Each structure stands twice: as structure tokens, then as C-alpha cells.
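*Asks:* missing the sequence, but the structure's below:
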């Protein structure tokens, strides 16, 4: 693997400056949604006071979400009552939640496919893509008809996915089942490549300009940088303060920061997206951090601590934890909208 310590930061500076809004990194000031996996709820909070307003049940163990570009709907996969690799009663539905009414608008049944997990939406809002790990497929679903348009083979038990902003390709993190990232061509709806990941992968995100895909290493505290033009790993970044693998990389909506969490110890690393080799900010958070949300003004980052039912509030300007509050039984993902 080739490491390019000087070129990558320069490219990143140009990339961050040209960043455009990405529907898969939503933000806004109208609302705040939290996917409470343990509590089986979608919870709604006031984005200013951080007080819970209401909640709606969507099924057993909802995990991820995609929000339509117009912020009218959230699409929420219902995974089932287990965890990756041990899911005895896998789900087969995606709940569609009306964000203004804060209620379930409909249910998409994806049978015979099982265990929907990671989900992304294209920039037009016309298609959602969801990985079904037990079925080894990524489904393309039309959001108007709410019908499956394609079932794309991934070879691995795909867990998290990342779509490029232009919706040309989609990348599938296979965790520990297959030691590569599956590359899908969304024009042909076929798997066209494999990016080696010797330790497996535990989370994935595309850079705002689509030039790079960031993958969390499943066993070592580091991230892999994939060049989306060549579908090859061009850099690795060690994560300060980590002891084992990290997960769930996330770009702030303005493209200025890349954040990623670790379980042991329970920390969040904040990286400068303009220079991934620059010094990192490392913050201690609650048990089992899982997901992130950034406020519209870019000043606040929320960290969902799935293991203890709390959310850490990060002051991104100061680089510190400002406060912590209780939120549900175990929130995995969340978003301002």
C-alpha cells in the first residue's frame, strides 16, 4: 500500500473548500431525530433545548436512517432482535416516517430479503439503497412507488454503505465476513470491484466531493482512505488514543471535520478534513458511542452513546464536551433536519 503524506492533505484542502450539501449528511434547525435501537423508537427532540417532544415506535431494533433531501421523510431499516452475526429473528421492513407529523407514514416490506441495516439516499431523493446483511444484497428502492427496483449482489454480509454524491458508485463495508469493501456500479446495478481490507471494516463514509471513501478498520485504531477513481487504498491514518478498531466515520455537513468513534476506550476522534495527518482532538464520551449529528451552524456535534442511554454534546469550536443528557434507552444514530 502506498502512503502519500504530502499529497493527500493538499487534495483534502481543495476537496473541503469545494464541498457541497449531501443528503446523507443532513442538518437543519427544524428538528432533531434520534433512532433509539434499544427502545424501538424514533424520538424527536427540540433542536435548541434538546428536550424530547415525542416518539413513535417503528419495530424491533431500528438502526440507521436516510432523510429525503426535502426533509419530508425518514427511511428507517428495522433490523431485527439480534446483532451482526447473531440475528435469529431478522427484520424485513423499512419504516417511512413523516418528519413534520412525527408519525409513521408507511411500511416498505422488502421480503424475501432480510436484516436491512445501512441505508443511503441519492441526491434527487428518488432512490434509497439499503444493505441486507443476511441476504448479501444491497436493495435499490424507488421512494415514490416504495418498491424494490434491484437487488445487487455484494458477496459479503454488508453492514454499512456509502454512496458517492453523484450516485455513480456505492461502497459496502462487510465488517468481518469478507475482508474487502464491495464496490457497486449504480448505473448497471452490479458489483464491479473489491478494495482489500485485511482486518475487516466497521463503518464507511464518502467525502463531500466524492473523491475519497473513508473506512474504519475493524480491529486496529485507524482509518483507510480509498481513492474513488482507482478504488484503491491510498493512505492510512492512525487514530490517537485508540486501542482497538474504530467505527462510524462521519463528515460534518460543512466538510470541515471528520469524526469517528471507538468503544474501548469510549472516545471520539475529531480530525481536520483539510489535513487528515494533522493533530487530532480526542474526547472521552459515554459508553459505546455509535452515531453523530452536527448542528446547522456547525458549532455543535452530538454523539449518541448507545451503551448508557446518553448523548454527549460537543462544542466543536472549543473542542470539548459541553454537556451530556439522557436520551432514550440506547440511541444508535441521530440527525438534525
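*Replies:* Yep, it's here. Since the structure is predicted, the reported quantities are computational estimates derived from the model, not experimental observations. Residues are numbered from 1 along each chain as shown.

*Asks:* might you report the residue contacts of residue 77?
*Replies:* By C-beta atoms under 8 Å, 6 or more residues apart in numbering, the residues touching residue 77 are 62-65, 91, 93-94, 116-119, 130. No exception for glycine: its C-beta is placed from N, CA and C like everyone else's.

*Asks:* ok, of those, which one's closest to residue 226?
*Replies:* Among those, residue 118 lies closest to residue 226 (C-beta to C-beta), at 16.4 Å.

*Asks:* let me know the secondary structure of the spatially most central residue of the chain.
*Replies:* Centroid-nearest residue in the chain: residue 248, 5.9 Å away (criterion: C-alpha atoms, centre = their mean). Secondary structure, DSSP: H, G, I helix; E, B strand; the rest coil: residue 248 is strand.

*Asks:* read off the pLDDT value for the residue nearest to it when sequence neighbours are not counted.
*Replies:* Of all residues not flanking residue 248 in the chain, residue 203 sits nearest, at 4.2 Å (C-beta to C-beta, 6 or more residues apart in numbering). We have a pLDDT of 94 for residue 203.

*Asks:* the residue nearest to the centre of the chain contacts residue 290, doesn't it?
*Replies:* Yes: when contacts are counted by C-beta atoms under 8 Å, residue 248 is listed as touching residue 290 (6.3 Å).

*Asks:* which neighbours do these two share?
*Replies:* residue 261.

*Asks:* quick check: closest non-adjacent residue to residue 176.
*Replies:* Leaving out its chain neighbours, the residue that sits closest to residue 176 by C-beta to C-beta, 6+ apart is residue 200, at 4.1 Å.

*Asks:* residue contacts, that neighbour?
*Replies:* Contacts for residue 200 (C-beta under 8 Å, 6+ apart) come out as 174-177, 179, 217-219.

*Asks:* hmm, back to that, residues in contact with the residue nearest to residue 248?
*Replies:* So residue 203 contacts 160, 173, 215-216, 246-249, 260 (C-beta under 8 Å, 6+ apart).

*Asks:* distance check, it against residue 171.
*Replies:* According to C-beta to C-beta, to the nearest Å, residue 203 and residue 171 sit 11 Å apart.

*Asks:* please apply the same query to residue 196.
*Replies:* Relative to residue 171, and taking C-beta to C-beta, residue 196 is found at 13 Å.

*Asks:* these two: who's more crowded?
*Replies:* residue 171 (27 against 11; other C-beta atoms under 10 Å).

*Asks:* got any ranges where this protein has weak pLDDT?
*Replies:* Under the criterion pLDDT under 70, the flagged ranges of the chain are 1-20.

*Asks:* rewinding a little: strands - which of the contacts of residue 200 land there?
*Replies:* residue 217 (DSSP state E).

*Asks:* among the contacts of residue 200, name the buried ones.
*Replies:* Burial by neighbour count, 16 or more other C-beta atoms under 10 Å: within the contacts of residue 200 this picks out 174-177, 179, 217-218.

*Asks:* show me which pair in those residues is furthest apart.
*Replies:* Spatial extent of these (C-beta to C-beta) is set by the pair 177 and 217 at 15.2 Å.

*Asks:* if we can go back for a sec, including distance to residue 236, could the buried ones among the contacts of residue 200 go into a markdown table?
*Replies:* Below are the buried ones among the contacts of residue 200 laid out as a markdown table (distance: C-beta to C-beta, whole Å):
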| residue | distance to residue 236 |
| --- | --- |
| 174 | 18 |
| 175 | 18 |
| 176 | 19 |
| 177 | 22 |
| 179 | 15 |
| 217 | 8 |
| 218 | 14 |
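
*Asks:* just curious, which of these is nearest to residue 40?
*Replies:* Nearest to residue 40 among these: residue 175, at 23.2 Å, using C-beta to C-beta.

*Asks:* ok, now how distant is that closest one from residue 279?
*Replies:* Counting by C-beta to C-beta - residue 175 and residue 279 are separated by 29 Å.

*Asks:* just residue 294 next, same as before
*Replies:* Between residue 294 and residue 279 the distance is 21 Å, computed by C-beta to C-beta.

*Asks:* between those two, which one's more packed in?
*Replies:* Set residue 294 next to residue 279 and count neighbours by other C-beta under 10 Å: residue 294 wins out with 25 against 9.

*Asks:* any idea what the more buried one is bridged to?
*Replies:* Taking DSSP bridges as the rule, residue 294 bridges to residue 301.

*Asks:* and it, what does it touch?
*Replies:* Residue 294 neighbours (C-beta under 8 Å, 6+ apart): 25, 27, 252-254, 300-302, 316, 336.

*Asks:* straight-line length of stretch 24-37, end to end?
*Replies:* For stretch 24-37, the first-to-last residue distance is 19 Å (C-alpha to C-alpha, to the nearest Å).
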